[in-house]
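In: can't give you the sequence, but here's the structure:
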């Protein structure tokens, strides 16, 4: 299924995400977070500072440097630090797929990986698909087939669809349904999503 | 005559949604905003005896921890249009009424800091035994005072006498579990104060309700509050009422003199913005041998909270769908230590599921085709009050639906249709939901010298296509091309609109936009014919036609002018504003059909075909309306086969507050869905181009159609939803 596939890509299993987070947290040697609130800063018995790291994310072809605590997910780094809000947070635990992005061309639920793990990697979000005014064929097909209503799951659906087509999982409606089942759509546009993916896959050059 | 209304125009906001440019509430970038995070109670009944916040306060980045001891005091909003259905506000005292009630609100500089600090807040309780089981408290059921939808007990004729006259009687009970909306977008609020003025970015189906609630809760003049919601990531009722977290966020932003952003976690959404309550329904039906209904007695018992008892599952299907002289419905409540229920997509689906399943059971008792049984009891007037429906083409829906689905090929005997070892079942039901009788909306239009119009309504696009459909309505009403109309919504600075719920937006806002735009068009004509510089000068105004931005003499089309030229010469924009146009009561019906395949060894049910034919009045946009219908069918699959919020009755706590434990349908669960529309205007909604509210209807009926198909396939009538594998194969094999 698409769900497990996205999570097991390379070393990016949930377990590895948690392990890597712990490894960074105990490595130390990074500057403590600035404490802006005077009442808190005045306290003497502070707990150990959370560690931070400077990472470079190549987001839609642009190098973005960001200093984040090691516990910050790729999704929250994109949304809350870099202002890249195409990827959405629907569940924050890998269940809904609204946060799907491409990392080095493979679909990943960005709430299930930490920003520090994606240092120097290519991240493609829905903002990075169109070439100027020209929509990516998957984007155009989603509009044409009315493959969304509220649109909140759409950026994740589209990124999943782009990968699904590249993976070659579009041989039949049933195959598309299976390989798009890691992305929930509560408005219930599934049949239209399947048609859009089918159209885009048939269109060839992607 | 209306070339744009009725066209399957692609969504105008489509490009924004497929490129990530659409700005949903939590996407709004507010410089320097602090992050809020809620701490929820772990007990369901009792009192807070102590809260230790020192560790949390010392945690890096924390700005403040707010409990019932130091949270700013808030007043309970009471106006009906404020849509604050709760009668209490948490964080104002130590009482705990349900598990998952806010007990602290953490504010920190980053989201992670707020989440971590929330885990350090230590709460002690005086916990008492909670009561969360509906079946365990049925003897405490009572009929509450009249609520939002009127009285909770209605009698027509004499049901006992009607039952006595019947040749065939059935007495059946159905249970449906607690359901959660699970809009993919969690509820979110960002509150920004500028002096004594408040701007709130809110996930709202009712920005005016949010504004009024905040005004009453925080004692701020209405004029000082602006609520924005340009894009909504689904609501399904959860974002129609106003909830405490919105008021907390606004209050703390004022207290801290800093913008605050709060996004509920998925788990928190299970106790923070309502749900469809667990319900028990008993139906007693009586019928003559020819199928004529003589009586329906329908008693619904639903969960309410300990602090309020508004009911949202309503019995209209029983009262309105069939011509039955003797009807009694009662909606009873049982107070449990669970959150307050609220509106959830298709509130009448619970009653519709029971009624339409009971009719299927009756059809087998009578050995009568279920469509024939429904036609036998067909009504052209509302049997509840004798009033004519604006229009009702349900007979046509049955006929067209049966043809398209291939109903005549069905062998009605249970377990009679197979494909190898797989059991096949075909089921049908009537779809029906009230639509209308709500306050409606106003509208404002401004036509500028560039020949373009901006139309504004404080309404919402919850995914239903409001941006697109209202642009179509405005274009036709003004006589402009679609590209020359800009429809704006989601801002309380615009004219009032009712909550986008209860199938109210399309009919209500269409009528208002039509009225305002027709007035503006008329003004442009009047200006043109009065202007000596216009080629149309002196021609009677009612002889002028306006199309695609061109005004011409209807009899001599070569005599023409343009809206752009008329407004330019006029020297100032042409404007029109309408006051709210109430929506007439409506009833939107349809016929729905489902095919299921059941693996008799596993009890696994797959829905393999769904058909729905609906009478929604005039179809304003077939593309967006079809998507709504498909969505309703998908919701029906979840309702019938998988969705179930489970409560541990010992702890009084929801145990599956997530999307891996609460199973909404995924893509692989959904087959092709065939949708058709009668597409005839409802004369009662003439100003809305004959459109009637639709969104609530398509989920209704389909739940019963699927359940009826499961019975047809397996011979097992599962009266307790969801129909899961264990129930199919329980008590013996299904194959």
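Out: Arrived safely. This is a predicted model, so every value here is computed, not measured.
In: ok, residue B:570 to residue B:452 distance?
Out: Plainly put, residue B:570 is 15 Å away from residue B:452 if you go by C-beta to C-beta, to the nearest Å. For every residue, glycine as well, the C-beta is placed using N, CA and C.
In: should've said residue B:701
Out: Distance, residue B:701 to residue B:452, using C-beta to C-beta: 43 Å.
In: up against chain A, what does the stretch 301-450 of chain B have?
Out: On the criterion C-beta under 8 Å from any C-beta of the partner chain, chain A has no neighbours in the stretch 301-450 of chain B.
In: what about the helices in the stretch 301-450 of chain B?
Out: All helices of the stretch 301-450 of chain B, identified by DSSP state H, counting those that start in this stretch, fall at B:316-320, B:349-366, B:370-376, B:394-405.
In: of residue B:701 and residue B:452, who's got more company?
Out: With other C-beta atoms under 10 Å in any protein chain shown as the criterion, residue B:701 and residue B:452 differ in neighbour count, and residue B:701 comes out ahead with 34 against 18.
In: correct me if wrong: the more buried one contacts residue B:592.
Out: Yes. With contact defined as C-beta atoms under 8 Å, residue B:701 reaches residue B:592; the gap is 4.3 Å.
In: what do these two both touch?
Out: Both residue B:701 and residue B:592 are in contact with B:429-431, B:612, where contact means C-beta atoms under 8 Å, 6 or more residues apart in numbering or on different chains.
In: and which of those residues is nearest to chain A?
Out: For the shared contacts of residue B:701 and residue B:592, the residue nearest chain A by C-beta to the nearest C-beta is residue B:612; the value is 12.4 Å.
In: name the element that closest one belongs to?
Out: When secondary structure is defined using DSSP states H and E, the element that contains residue B:612 is strand B:604-615.
In: neighbouring strands of that strand in the sheet, and parallel or not?
Out: Each strand that strand B:604-615 pairs with, and the sense of that pairing, follows from DSSP bridges: strand B:587-599 (antiparallel), strand B:673-677 (parallel).
In: tell me which of those is the most buried.
Out: Sort these by mean neighbour count, taking mean count of other C-beta atoms under 10 Å in any protein chain shown, and strand B:587-599 sits at the top with a mean of 27.
In: and that one, average pLDDT?
Out: The predicted model assigns strand B:587-599 a mean pLDDT of 98.
In: name all residues that make contact with residue B:51.
Out: Listed by C-beta under 8 Å, 6+ apart, the contact partners of residue B:51 are B:67, B:69, B:103-104, B:121-124.
In: need phi/psi at it.
Out: Backbone dihedrals for residue B:51, given as degrees, to the nearest 10, come out at phi -130, psi 120.
In: quick one: low-confidence parts of chain B?
Out: Scanning chain B for pLDDT under 70 picks out B:1-2, B:731-735.
In: no no, chain A
Out: Where chain A drops to pLDDT under 70, the residues are A:1-50, A:204-206.
In: let's see that with 90 instead.
Out: Applying pLDDT under 90 to chain A flags the ranges A:1-51, A:203-206.
In: where along it do the helices fall?
Out: Secondary structure of chain A, counting by DSSP state H: helices at A:2-7, A:14-27, A:38-41, A:74-76, A:137-144, A:154-167, A:173-179, A:190-202.
In: so chain A: which segments form each domain?
Out: A:2-128, A:137-202 (automatic domain parsing).
In: can the last one be found next to chain B?
Out: It stands for domain A:137-202. Yes. For domain A:137-202, a contact with chain B is found by C-beta under 8 Å from any C-beta, at A:139-140, A:142-144, A:146, A:148-155, A:158, A:173, A:176-178, A:180-181, A:183-194.
In: run a quick neighbour tally on the residue of the stretch 251-400 of chain B found nearest chain A.
Out: In the stretch 251-400 of chain B, no residue comes nearer to chain A than residue B:266, which is 4.4 Å away by C-beta to the nearest C-beta. Close neighbours of residue B:266, defined as other C-beta under 10 Å, add up to 21.
In: same question, the one 3 residues further on
Out: Per other C-beta under 10 Å, the neighbour tally for residue B:269 reads 24.
In: do you know how far it is from residue B:347?
Out: According to C-beta to C-beta, residue B:269 stands 19 Å off from residue B:347.
In: so which bits of stretch B:537-553 are buried?
Out: Counting neighbours by 16 or more other C-beta atoms under 10 Å in any protein chain shown, one finds that the buried residues in stretch B:537-553 are B:539, B:544, B:546, B:549-553.
In: actually stretch B:207-226, not the one I wrote
Out: B:207-218, B:220, B:224-226.
In: ok so, going back, now the residues of domain A:137-202 next to chain B: which count as buried?
Out: Buried members of these, scored by 16+ other C-beta under 10 Å, are A:139-140, A:142-144, A:146, A:148-155, A:158, A:176-178, A:180-181, A:183-194.
In: list the residues that contact the closest residue to chain A within the stretch 551-700 of chain B.
Out: Each residue of the stretch 551-700 of chain B has a distance to chain A, by C-beta to the nearest C-beta, and the smallest belongs to residue B:634, at 2.9 Å. Applying C-beta under 8 Å, 6+ apart, one finds that residue B:634 lies in contact with A:188, A:190, B:665, B:670, B:673.
In: go again with 6 Å.
Out: Residue B:634 makes contact with A:188, B:665, B:670 under the criterion C-beta atoms under 6 Å, 6 or more residues apart in numbering or on different chains.
In: could you do residue B:233 as well?
Out: Residue B:233 touches A:150, A:152, B:24, B:184-185, counting by C-beta under 6 Å, 6+ apart.
In: swap in residue B:659?
Out: Counting by C-beta under 6 Å, 6+ apart, residue B:659 touches A:91, A:95-96.
In: how about residue B:168?
Out: Applying C-beta under 6 Å, 6+ apart, we find residue B:168 in contact with B:287, B:365-366.
In: now it: how far from residue A:115?
Out: For residue B:168 relative to residue A:115 (C-beta to C-beta), the value is 67 Å.
In: same thing with residue A:192?
Out: The span separating residue A:192 from residue A:115 equals 33 Å under the rule C-beta to C-beta.
In: please apply the same query to residue B:45.
Out: Counting by C-beta to C-beta, the separation of residue B:45 from residue A:115 is 42 Å.
In: higher neighbour count, those two?
Out: residue A:115 (26 against 22).
In: what's the local residue count around the closest residue to that one other than its chain neighbours?
Out: Using C-beta to C-beta, 6 or more residues apart in numbering or on different chains and skipping the chain neighbours, the partner closest in space to residue A:115 is residue A:77 (3.7 Å). By the measure other C-beta under 10 Å, the count of residues near residue A:77 is 25.
In: mind listing what residue A:77 touches?
Out: Residues counted as contacts of residue A:77 (C-beta under 6 Å, 6+ apart) are A:66, A:68, A:115.
In: make it 10 Å
Out: Under the criterion of C-beta atoms under 10 Å, 6 or more residues apart in numbering or on different chains, the contact list for residue A:77 reads A:55, A:57, A:59, A:64, A:66-69, A:84, A:110, A:114-116, A:118, A:123.
In: can you list the buried residues in the helix or strand containing residue B:519?
Out: With the criterion set as DSSP H and E, the secondary-structure element containing residue B:519 is helix B:505-530. For helix B:505-530, the buried set under the neighbour-count rule, 16+ other C-beta under 10 Å, comprises B:505-525, B:527-529.
In: of those, which are in range of chain A?
Out: Checked against chain A using C-beta under 10 Å from any C-beta of the partner chain, the buried residues of helix B:505-530 give no members in range.
In: neighbours around residue B:169, how many?
Out: Applying other C-beta under 10 Å, we find 15 other residues in the vicinity of residue B:169.
In: doesn't residue B:163 make contact with it?
Out: Yes. Using C-beta atoms under 10 Å, residue B:169 makes contact with residue B:163 at a distance of 6.0 Å.
In: quick check: neighbours shared by those two?
Out: Contact criterion C-beta under 10 Å, 6+ apart; residues bridging residue B:169 and residue B:163 by contacting each: B:284-287, B:294-295.
In: quick one: which of the residues you listed is most hemmed in?
Out: That'd be residue B:287 among the shared contacts of residue B:169 and residue B:163, by other C-beta under 10 Å, with 29 neighbours.
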